[in-house]
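In: here's a sequence, model it:
(chains A and B)
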Number of protein chains: 2
Amino acid sequence: MSSWPEDVGILALEIVFPSQYVDQTELEQFDGVSAGKYTIGLGQQKMGFCSDREDINSLCLTVVQKLLERHNIKPSEIGRLEVGTETIIDKSKSVKTVLMQLFEPYGVTDIEGIDTTNACYGGTAALFNSIAWVESSAWNGRFALAVAGDIAVYAKGAARPTGGVGAIAMLVGPNAPLIFDRGIRATYVRHTYDFYKPDLTSEYPVVDGKLSIQCYLNALDQCYQQYCKNVSKKLNSEVDISSFDAVIFHSPYGKLVQKSLARLVLNDYVRTTKEQRTQKFSELIKLNNIKLEDSYFDRDVEKAFLNYSKEIFDKKTSPSLLIASQVGNMYTPSLYGGLVSLLINKKVSELAGKKIAMFSYG
Amino acid sequence: MSSWPEDVGILALEIVFPSQYVDQTELEQFDGVSAGKYTIGLGQQKMGFCSDREDINSLCLTVVQKLLERHNIKPSEIGRLEVGTETIIDKSKSVKTVLMQLFEPYGVTDIEGIDTTNACYGGTAALFNSIAWVESSAWNGRFALAVAGDIAVYAKGAARPTGGVGAIAMLVGPNAPLIFDRGIRATYVRHTYDFYKPDLTSEYPVVDGKLSIQCYLNALDQCYQQYCKNVSKKLNSEVDISSFDAVIFHSPYGKLVQKSLARLVLNDYVRTTKEQRTQKFSELIKLNNIKLEDSYFDRDVEKAFLNYSKEIFDKKTSPSLLIASQVGNMYTPSLYGGLVSLLINKKVSELAGKKIAMFSYG
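Out: So this is what the prediction gives:
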């Protein structure tokens, strides 16, 4: 064998989140903000939180054990395990090594992979590395496990209702039901201080809320444009929002996801010639002179495209927000919690052959 | 293309370390320990340290810029960049994003990869992930950069003279002069507390020195045995120390590396039938009943095998310790500093076609 196995992707998904939560309606009252600010304004219903008997290690131990048990996977069938997290409780010893406790009793010690960190992107990095390992010469025929887990808590203030917690484990290998397209994904990375954790003694991040939204939407624009170019070049076909059966996003809060779906439609609009716009986007024709880079905080544009894309959102994105709205932002597992939400919302027969667009941000 | 490119490996290496250092002879005097304790006992000559104008970000920025400049690599030729480090100055924002400052001015933003952490192993993880990416369907024909950097400082006490600092950048791609063997490397991971950094406010690790040595040597035993099995199975050939032209190690301090080379010879000895021992290891025949697991701290065994393997060490390992002995333990870049030391010690004609064994520990 000297080439890639067929249909590499996700064979199984397991998720854990706490059973206790803060009701966002009650948090609105407690914080003395207007009713609906969190539930409608942010689109969040509940926010899960950990007891002091849980930490990032226990969450990841639980989710990996559950995956192995539920799918009857022997520890010896795992050849690689990587953990994406930004919940750092030790600056050197990885969560991955802690997870070895699930494998050592079975004499399984030859498992590659460690921890990987960059804000909420770590789960995606772990997943990409897992897929690459299966496709590489290092693959030994066993499964990879990509784990993502985080505890998201914020200081008192505007960001506090956007916390959450959870962990996801993804079993990666060939002949998967969820297959990743090859050679067309797009990446956009810049050095910005929209979200970081420079105070090592604090669980809280430092967040520049407005900058963070702009960075998120800008990265979305750039990745979508790059993705469209990649598909055009590689597959000689044109992409627009109708190319996908579902479109799911990293979800800091539900409202940003709805705006993001609208943003993709705005991207389609901007790429369309003015002549075609009259036909395709007749009700938006008054926005003819709009530029992407000027529109991050343009309320009129946002509203127009939110309205225009409402049906698309309800159909292609809304089903993916179940866990995000009920548990909150899980950081690294967020996007994959969206995938779980989508999968449990549909019958298998409705999912077969469908194409899901995924946007990871961190 | 649907398979692995040829000869994936390291195309270029760049290293940085500080120009200021502590002379270990002076540190012996300052610490009031016996002369030779650090210089002979540990095998360390100097210990590099950073000024307060350097941090993990500046070290990695310098080493990447130097690599790009020296080898005339355009930023647009890099498609992936991963940083292995356990010098955590932000719990969320990766060093990788900081390095994007070297690429953004050239309009290069589509670079995958983030940071990866597990003690001194992060550089190896970044390298393995880089190789897998080049061999995977995600590869876009560009180079990968695997970066490893750390600042190693210890609290006052026995471990303090084993500090150091440095950063390495490795350019990874096909048609490399340094090629990695495919499908035979070995991994051994366990959940142990030999070295960790639970105090997030401190630069210092918590180290259990004796446990750390035992874990290191045990992992070496296990990896070597697994490697021998892999080669036997895959290539149908038998491995012993004579299979390698050079044997290099992660180097916390030089003496442990010398003991490790001796340990591999001990492994060869133990695997040899008692009949063959008389012939191959005549001077060691009195140790006939030795068991690996009982010998980690057996002075007689250690001494016997250090003596027996002295010539092999001088030839195959000693040249790799130049930077480690002059700069100290660099953590994640340590093993690759050993590789640099070896390469600059030999003429190109002496290196061509040679096989190097590498042991990473963290």
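In: for the rest of this, base every contact and every neighbour count on C-alpha atoms.
Out: Noted.
In: most remote residue from chain A's center?
Out: Relative to the C-alpha centroid of chain A, counting by C-alpha atoms, centre = their mean, residue A:275 is the outermost residue, at 35.9 Å.
In: can you map out the helices along the stretch 51-200 of chain A?
Out: All helices of the stretch 51-200 of chain A, identified by DSSP state H, counting those that start in this stretch, fall at A:56-70, A:95-99, A:122-135.
In: for chain A, longest helix please?
Out: helix A:209-235 (DSSP state H).
In: quick revisit: isn't there a strand covering the residue farthest from the centre of chain A?
Out: No - read with DSSP: H, G, I helix; E, B strand; the rest coil, residue A:275 is helix and lies in no strand.
In: and it, how far is that from chain B?
Out: Remark: distance between residue A:275 and chain B (C-alpha to the nearest C-alpha, to the nearest Å) = 31 Å.
In: how about residue A:116?
Out: 4 Å.
In: burial count for that residue?
Out: As a burial measure, residue A:116 scores 34 neighbours (other C-alpha atoms under 10 Å in any protein chain shown).
In: repeat that for residue A:107.
Out: 9.
In: do the one 3 residues further on as well
Out: Counted with other C-alpha under 10 Å, residues neighbouring residue A:110 total 21.
In: I figured residue A:204 was touching residue A:157, is that so?
Out: No - shown here, residue A:204 and residue A:157 do not form a contact pair, counting by C-alpha atoms under 8 Å, at 11.5 Å.
In: those two - which one has more neighbours?
Out: Set side by side, residue A:204 and residue A:157 show more neighbours around residue A:204, with 17 against 8, by other C-alpha under 10 Å.
In: tell me the contacts of the more buried one?
Out: With contact taken as C-alpha atoms under 8 Å, 6 or more residues apart in numbering or on different chains, residue A:204 is in contact with A:152, A:153, A:154, A:155, A:197.
In: sorry, back to before: and the residue farthest from the centre of chain A, what pLDDT?
Out: If you check residue A:275, the pLDDT there is 86.
In: distance of it relative to residue A:309?
Out: Applying C-alpha to C-alpha, to the nearest Å, the value for residue A:275 to residue A:309 is 21 Å.
In: with residue A:142 instead?
Out: For residue A:142, the distance to residue A:309 equals 43 Å [C-alpha to C-alpha].
In: neighbour count: the two, which is higher?
Out: Legend: neighbour count by other C-alpha under 10 Å for residue A:142 and residue A:309, higher for residue A:309 (21 against 16).
In: relative to residue B:231, how far out is that one?
Out: 58 Å.
In: can you check residue A:42 too?
Out: Taking C-alpha to C-alpha, one finds residue A:42 at 57 Å from residue B:231.
In: quick one: which of these two has more around it?
Out: residue A:42 (19 against 16).
In: per-residue confidence at that one?
Out: At residue A:42, pLDDT is 97.
In: ditto for residue A:226
Out: For residue A:226, pLDDT reads 98.
In: now do the one 4 residues further on
Out: pLDDT recorded at residue A:230 is 97.
In: residue in the stretch 201-350 of chain A nearest to chain B?
Out: Using C-alpha to the nearest C-alpha, the closest approach of the stretch 201-350 of chain A to chain B is made by residue A:201 at 6.3 Å.
In: tell me the contacts of residue A:265?
Out: A:240, A:241, A:305, A:309.
In: try it again at 10 Å.
Out: A:240, A:241, A:242, A:259, A:271, A:305, A:306, A:308, A:309, A:312 (C-alpha atoms under 10 Å, 6 or more residues apart in numbering or on different chains).
In: now do the same for the closest residue to residue A:332 other than its chain neighbours: its pLDDT.
Out: With sequence-adjacent residues excluded and distances taken as C-alpha to C-alpha, 6 or more residues apart in numbering or on different chains, residue A:332 is closest to residue A:120, at 4.2 Å. As summarised for this prediction, residue A:120 has a pLDDT of 98.
In: residue A:3 too?
Out: 83.
In: also residue A:278?
Out: We have a pLDDT of 86 for residue A:278.
In: export the strand or helix carrying it as CSV, just CAs?
Out: Residue A:278 belongs to helix A:274-280 when assigned by DSSP states H and E. Output in CSV follows, covering the C-alpha atoms of helix A:274-280 (Å, rounded to 0.1, in the frame of the first residue of the first chain):
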residue,chain,number,x,y,z
LYS,A,274,-24.9,43.4,-11.6
GLU,A,275,-26.9,42.1,-14.5
GLN,A,276,-27.5,38.7,-12.8
ARG,A,277,-28.4,40.3,-9.6
THR,A,278,-31.6,41.7,-11.0
GLN,A,279,-32.7,38.2,-11.7
LYS,A,280,-31.3,36.3,-8.7
